[in-house]
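A.B. asks: here is a sequence with its predicted model. Questions after.
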Amino acid sequence: MSTKTATTRFIVSEDNTTVTDSKTNLTLMKEDDGKERTWKEAVAYCEELGNGWRLPTIEELFSLVDFSRHNPAIDPVFTNTKSSWYWSSSPRAGSSAFAWGVGFSYGYVGWGGVDGGS
């Protein structure tokens, strides 16, 4: 049986490994594995998980920001979330060398180089 958080937006899986967002209908990993990745490495990681896993779009990722919190600015149902950068699948317009992401320290949106540069 899955459990919901107090807000009922996030539903934790029975095995406590994933969270389903009732606002976007996305299933997300519940816990950060602690490994920093370039955008290309993050895309490859999701592909290796199989079963349709993918990076969220920038809109989907930004919708997870909880501005009532900081360091990290996300619901605590997501355990081990760092106050750092998380990649989206969204490329920056005009250049496939850059992609959008969210910094979960305070929920800012920005872009960086897909190979790890800025």
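C.D. replies: Looks like it arrived, so ask away.
A.B. asks: using CSV, list the CA coordinates for the longest helix along the chain.
C.D. replies: The single longest helix within the chain, with elements called by DSSP state H, is helix 39-49. Below are the C-alpha coordinates for helix 39-49, written out as CSV (Å, rounded to 0.1, in the frame of the first residue of the first chain):
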residue,chain,number,x,y,z
TRP,A,39,23.7,16.5,-18.2
LYS,A,40,24.9,13.7,-20.5
GLU,A,41,25.6,11.5,-17.6
ALA,A,42,22.2,12.2,-16.1
VAL,A,43,20.5,11.3,-19.3
ALA,A,44,22.5,8.1,-19.6
TYR,A,45,21.7,7.2,-16.0
CYS,A,46,18.0,7.5,-16.6
GLU,A,47,18.3,5.4,-19.8
GLU,A,48,20.1,2.7,-17.8
LEU,A,49,17.3,2.5,-15.3
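A.B. asks: what does it contact?
C.D. replies: For helix 39-49, contacts defined as CB atoms under 8 Å, 6 or more residues apart in numbering pick out 37, 53-55, 87, 89, 99, 101, 112-116. C-beta coordinates here come from the backbone N, C-alpha and C atoms, glycine included.
A.B. asks: now, of those, which are buried?
C.D. replies: Buried by 16 or more other CB atoms under 10 Å: 37, 55, 87, 89, 99, 101, 112, 114, out of the contacts of helix 39-49.
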